[in-house]
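1. From the sequence below, what's the structure:
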Amino acid sequence: MKTVSDKNGDKRVALKMVMGDKVRDVTFEELAITNNLAHRALVSLLVRKGIIDPKEFLEELKKGPVIT
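-> Down below sits the predicted model:
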């Protein structure tokens, strides 16, 4: 898997995470993967609890973004 890099080949940092006295760089790739996993977990939970119907959810995804 390729990572987003600058012209020097360094991974681009999306944000810095500070926990106590430790600082950690989070790349755009890590941020995108984490966001994707969180969305998948949320959708799985909503389907399992019967709050949303998987077919309706897929239909909504096919519509694309709604811009107001």
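
2. What mean pLDDT does the helix or strand hosting Lys55 get?
-> Following DSSP states H and E, one finds Lys55 within helix 54-63. For helix 54-63, mean pLDDT rounds to 93.

3. Check stretch 27-46 too.
-> Averaging pLDDT along stretch 27-46 yields 96.

4. So which bits of that stretch are buried?
-> For stretch 27-46, a neighbour-count test (16 or more other CB atoms under 10 Å) marks Thr27, Glu29, Glu30 as buried. C-beta: built from backbone N, CA, C; applies to glycine.

5. re the thing from before, what distance separates the helix holding Lys55 from the centre of its chain?
-> Its chain's C-alpha centre and that of helix 54-63 lie 19 Å apart, by CA atoms, centre = their mean, to the nearest Å.

6. Begin at 12 from now on, thanks
-> In the new count, where the first residue is 12, that last one comes out as helix 65-74.

7. Val58 in helix, strand or coil?
-> When classified by DSSP: H, G, I helix; E, B strand; the rest coil, Val58 comes out as helix.

8. Could you tell me which residues make contact with it?
-> Neighbouring residues of Val58 by CB atoms under 8 Å, 6 or more residues apart in numbering: Asp64, Pro65, Phe68.

9. a markdown table for those residues, including distance to Leu26?
-> Listed next are the contacts of Val58 as a markdown table, based on distance: CB to CB, whole Å:
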| residue | distance to Leu26 |
| --- | --- |
| Asp64 | 35 |
| Pro65 | 33 |
| Phe68 | 29 |
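
10. Let's see if you can find the most crowded of those.
-> Phe68 (13 neighbours; other CB atoms under 10 Å).

11. ranges for the strands of the protein?
-> In the chain, the segments counted as strands under DSSP state E are 24-30, 33-38.

12. Which secondary structure elements does the first one sit against?
-> Same thing as strand 24-30. Applying 3 or more CB pairs under 8 Å, 6 or more residues apart in numbering; DSSP states H and E, we find strand 24-30 packed against strand 33-38, helix 39-59.

13. The ones you listed into TSV, with extra columns for distance to Pro76?
-> Listed next are the helices and strands packed on strand 24-30 as TSV, based on distance: least, CB to CB, whole Å:
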stretch	distance to Pro76
strand 33-38	25
helix 39-59	14
